[in-house]
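A.B. asks: fold the following.
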Amino acid sequence: MSRMGPDTPFKVNVGFFRGGMSINTKAGKDIRAKIGSGDIQLVVGTHALLSKSVPYNNLGLLVIDEVQRFGVKQKKRLKLISSGLHVVTLSATPIPPRTL
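C.D. replies: The predicted structure is shown next:
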């Protein structure tokens, strides 16, 4: 992440969001404000990104790793967030050749 940011050729601000960054913490409030305002263009994080308290501004691409680990609630939330988006899902679960 040190190769990205406003002072680099890429000009992309990156944020990291994980569990434990609740609305009541300074870090949680700060990252939510930056995501909501569009100051952060790329967010890397855990399941915490699916929280209803995370505001998205002009979300265009959603990349999900290890989607097989998501539960029913997380998958419902993904459907709400991802309408009108480009979505890439990655899974470590092998796909049998006969289904391809």
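
A.B. asks: for stretch 81-97, which positions count as buried?
C.D. replies: Buried residues in stretch 81-97, counted by 16 or more other CB atoms under 10 Å: Ile81. C-beta here means a position set from N, CA and C on the backbone, and glycine is covered the same way.

A.B. asks: endpoints of that stretch, how far apart?
C.D. replies: From its first residue to its last, stretch 81-97 covers 31 Å (CA to CA, to the nearest Å).

A.B. asks: pull the residues that contact the longest helix belonging to the chain.
C.D. replies: Secondary structure of the chain per DSSP state H: the longest helix is helix 26-37. If you take CB atoms under 8 Å, 6 or more residues apart in numbering as the criterion, helix 26-37 is touched by 13, 15-17, 21-23, 39-40, 43, 53-57.

A.B. asks: quick check: next helix or strand after the least confident helix or strand in the chain by mean pLDDT?
C.D. replies: Ranked by mean pLDDT, DSSP states H and E, the helix or strand of the chain with the weakest confidence is strand 61-65, at a mean of 78. Next helix or strand after strand 61-65 toward the C-terminus (DSSP states H and E): helix 72-81.

A.B. asks: now the least confident helix or strand of the chain: how far from the chain's centre is it?
C.D. replies: Relative to its chain's centre, strand 61-65 lies at 7 Å (CA atoms, centre = their mean, to the nearest Å).
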